[in-house]
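K.L.:
Build me a structure from this.
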Amino acid sequence: MPRTFLSIALLGLVLAPPAAARAVLIMPGVTYEHRLEWTSPGVVQLYVITAPRPGGLYSVGPLLSNDSVTGRETVSSMERRASTAMTTIGVNGDFFDWKGGWPTGLLMQGGVVEHHPADQRSAVGIDSTGTLHVDRVPWSASWSGVSSVTYPITRINEPPLPNSTSLFTPVWGASTPEANGTVEAVLGPFPPLLPFRDLVGGVSSVVQTGGVPIPRDGAVLVARGGAVPSLLADALPAGQIKVQLTLPQSWATVTEAVGGGPALVRNGSPIANAGEALTPAQLYGRDPRTAIGQRADGRIVIVAADGRRPGWSVGISNWDLALTLMRYGCVNGFALDSGGSTTVAFDGQLLNRPSDPTGERPVGEALVVGYTGVFAPAPAPTLSPNRDGVAESESLAYKLVRPSTVSAKLVAPDGTVRELDAGPRNPGWYRFTWDGTAADGTPAPEGQWRWSVTATDDLGRASKADRAFAVDRTLGFVRVRPAVFRRGRLTTSFDLTRDAKVRVSIEDLSGDILRTVEAKPLAAGRYAFAWKGRDGRGHRVRSGTYIVRVAATSAIGLSEVRVPIRVKR
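P.N.:
Numbers count the residues shown, from 1 in each chain. Predicted structure coming up:
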């Protein structure tokens, strides 16, 4: 008979969002909102993340599947792997090669280019000031060897086209692709692929085969077809290779970037047709879609919509996605991969309903908001230590990703403090259980409490996580009989310790109310109400699992209990 965890059980937000859902604080400075919107084509399930301008404890950037540009992995799995380094909430990233997993557009991490931009398509980048860039990104790359003749590089971390040369760096994986008819020059050591500078490496070997190991501190030039003679002539063992990579000067300070498209909002105006080289399905129609934008005040907005699920969500067009970004104040905005790739996840927990029949799709990369301060998950909203076996204790926790000096305390309604943990702490999770008693063992006062954790990490950065909950003994001893209902009456009984407005309702698993059994103010006392197994229109409900919800609103606040029942006809 568990009490409802609205703020922890995010799945509840996914399954049953109110039409005008309230944004919830999911981690310090970052909110999450799940809205149900009614449109002429049908219902749209919309997910909105807002976050501070990137900088300090906050970042926006890609996570790579399997920590490489190859292969595919779900967004929730990528977030779980990153959870020891940061707390994340995010979405899917760029379009990707279905078999190989590499992105189809630009990829940058820490200023390093890890995949080249796509032709005639935009990319989204975040610069060192936390400013979002949405632009087409023309680029060029070249190499030169012993003769100082300059040769083009046409692909970065992607198999070469006929008669061309690709550059592979360690983020590709352990070795270059298996191939026939290629010549491969192994460079080591070789610096990270930063634009706007000369990058020089020594040629350790030249191999006429594919599948060459990529040095962890090096790179491999791979020539195919008509590009082979140039590599054989100018990339001599023990010689040097110079590589140059250029991007637009306006991108000189961009550190994180992903591809996708199309551009949706520019300078505060929606874009009806960005004229980008995308497929009709990527450009038009109502589908699951994902986008990122930035407001004039620098805050980041990420929006996703479910689709291809009649009765749940019909999807959204790029035009409506642009208007949605603008409704949240965005002055620039950009679409990411769409369709079955559309995913929203928080710290490894899936929040939306992806459209693929198999569920969450493995994708090439994620785009996430990362937070490196102290994180405290929301406690259960109500602690009710009245010895009825329900909500008798509160689970409290916090997470660190860097060594920090911590103070974790409970703050009572009158402002008095009880410290549960303090001092230097290593990265990791710290968990506590509180039974609702004061230090001397007496019952804690009822009212609004706070779980407050402050931390200063080894870089001197301060952060704070503050979570509210109530100690409320108003509602207790809820009993529902029988647990399996066939015919006759189902009786719900409960105790009130003070006057309260009470609602007893029967709901389905999506949170829709089938029948309100009772709704009225009640004085303190013991009560029981009966339900005859019919919905609000008088029809008998079908066999299945339902929820009996008892909610009491008193001077302390809202306290509620949900009890599952089984109906068998």
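
K.L.:
Just to check, residue 195 is in contact with residue 243?
P.N.:
No: assessed by C-beta atoms under 8 Å, residue 195 is found out of contact with residue 243, at 10.5 Å. Yep, even glycine has a C-beta here, placed from its N, CA and C like the rest.

K.L.:
so where do the strands sit in the stretch 1-150 of the chain?
P.N.:
24-27, 30-39, 42-51, 58-64, 87-92, 107-109, 112-115, 122-127, 132-136, 140-144, 150-152 (DSSP state E, counting those that start in this stretch).

K.L.:
Could you check the angle the fifth one makes with strand 58-64?
P.N.:
Strand 87-92 and strand 58-64 meet at an angle of 60 degrees, taking axes from the mean of the first three to the mean of the last three C-alpha atoms, to 10 degrees as the criterion.

K.L.:
Select, out of the strands of the stretch 1-150 of the chain, the one closest to residue 499.
P.N.:
Of all the strands of the stretch 1-150 of the chain, strand 24-27 sits nearest to residue 499, with 29.1 Å by C-beta to C-beta.

K.L.:
same for the closest one, what does it pack against?
P.N.:
Using 3 or more C-beta pairs under 8 Å, 6 or more residues apart in numbering; DSSP states H and E as the contact test, the elements touching strand 24-27 are strand 30-39, strand 87-92.

K.L.:
most tightly surrounded among those strands?
P.N.:
strand 87-92 (a mean of 27; mean count of other C-beta atoms under 10 Å).

K.L.:
Which other helices and strands does that one contact?
P.N.:
Counting contacts by 3+ C-beta pairs under 8 Å, 6+ apart, strand 87-92 is packed against strand 24-27, strand 42-51, helix 75-82, strand 289-295, strand 300-305, strand 344-346, strand 365-371.

K.L.:
how about residue 265, what does it touch?
P.N.:
For residue 265, the contact set (C-beta atoms under 8 Å, 6 or more residues apart in numbering) comprises 134, 271, 293, 322, 325-326, 330-333.

K.L.:
Could you rerun that using 6 Å?
P.N.:
293, 322, 325-326, 330, 332-333 (C-beta atoms under 6 Å, 6 or more residues apart in numbering).

K.L.:
Among those residues, which ones are in helices?
P.N.:
Counting by DSSP state H, the contacts of residue 265 place 322, 325-326 in helices.

K.L.:
which of these lies closest to residue 566?
P.N.:
residue 325 (44.1 Å).

K.L.:
just to revisit the earlier point, list just the one of the helices and strands packed on strand 87-92 that sits closest to residue 176.
P.N.:
Closest to residue 176 of the helices and strands packed on strand 87-92 is strand 365-371 (C-beta to C-beta; 20.5 Å).

K.L.:
After the closest one, heading C-terminal, what element do we hit next?
P.N.:
strand 382-383 (DSSP states H and E).

K.L.:
Which residues does that next one contact?
P.N.:
So strand 382-383 is contacted by 391, 394, 436, 470-472, 559 (C-beta under 6 Å, 6+ apart).

K.L.:
now those in CSV, with neighbour count and secondary structure?
P.N.:
As requested, the contacts of strand 382-383 are exported to CSV (neighbours: other C-beta atoms under 10 Å; DSSP: H, G, I helix; E, B strand; the rest coil):
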residue, neighbour count, secondary structure
391, 26, coil
394, 21, strand
436, 19, coil
470, 20, strand
471, 23, strand
472, 27, coil
559, 25, strand
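
K.L.:
picking up where we left off before, among the contacts of residue 265, which one sits closest to residue 221?
P.N.:
Taking the contacts of residue 265 together and measuring to residue 221 by C-beta to C-beta, the closest member is residue 332, at 36.3 Å.

K.L.:
Would you mind giving the helices and strands packed on strand 24-27 as a markdown table with distance to residue 418 and mean pLDDT added?
P.N.:
As requested, the helices and strands packed on strand 24-27 are exported to a markdown table (distance: least, C-beta to C-beta, whole Å; pLDDT from 0 to 100):
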| stretch | distance to residue 418 | mean pLDDT |
| --- | --- | --- |
| strand 30-39 | 28 | 94 |
| strand 87-92 | 26 | 98 |
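
K.L.:
how about low-confidence regions in this structure?
P.N.:
Within the chain, the stretches with pLDDT under 70 are 1-21.

K.L.:
contacting residues around residue 178?
P.N.:
Contacts of residue 178 (C-beta under 6 Å, 6+ apart): 210-211.

K.L.:
Need phi/psi at it.
P.N.:
phi -60, psi 130 (degrees, to the nearest 10).

K.L.:
how much space between it and residue 207?
P.N.:
The gap separating residue 178 from residue 207 is 13 Å, by C-beta to C-beta, to the nearest Å.

K.L.:
Show me the domain layout of the protein.
P.N.:
10-132+257-371, 140-246, 382-471, 475-567 (automatic domain parsing).

K.L.:
Determine how far the last residue of the second one lies from the first.
P.N.:
The reference is to domain 140-246. 5 Å (C-alpha to C-alpha, to the nearest Å).

K.L.:
partners of residue 292 in the sheet?
P.N.:
Taking DSSP bridges, one obtains residue 302, residue 334 as the residues bridged to residue 292.

K.L.:
wait, isn't it in contact with residue 302?
P.N.:
Yes: with contact defined as C-beta atoms under 6 Å, residue 292 counts as touching residue 302 (5.1 Å).

K.L.:
ok now do the residue lying closest to residue 41 once chain neighbours are set aside, which residues does it touch?
P.N.:
Leaving out its chain neighbours, the residue that sits closest to residue 41 by C-beta to C-beta, 6 or more residues apart in numbering is residue 314, at 5.1 Å. Going by C-beta under 6 Å, 6+ apart, residue 314 touches 41-42, 286.

K.L.:
From those residues, list the buried ones, please.
P.N.:
42, 286 (16 or more other C-beta atoms under 10 Å).

K.L.:
Please tabulate the contacts of residue 314 in TSV, including the columns distance to residue 235.
P.N.:
TSV is the format used below for those (distance: C-beta to C-beta, whole Å):
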residue	distance to residue 235
41	57
42	58
286	51
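
K.L.:
Tell me the secondary structure of residue 171, please.
P.N.:
helix (DSSP: H, G, I helix; E, B strand; the rest coil).

K.L.:
Quick one: neighbours of it, just the number.
P.N.:
20 (other C-beta atoms under 10 Å).

K.L.:
do residue 255 as well
P.N.:
Residue 255: 17 surrounding residues under other C-beta under 10 Å.

K.L.:
Name all residues that make contact with it.
P.N.:
111, 128.
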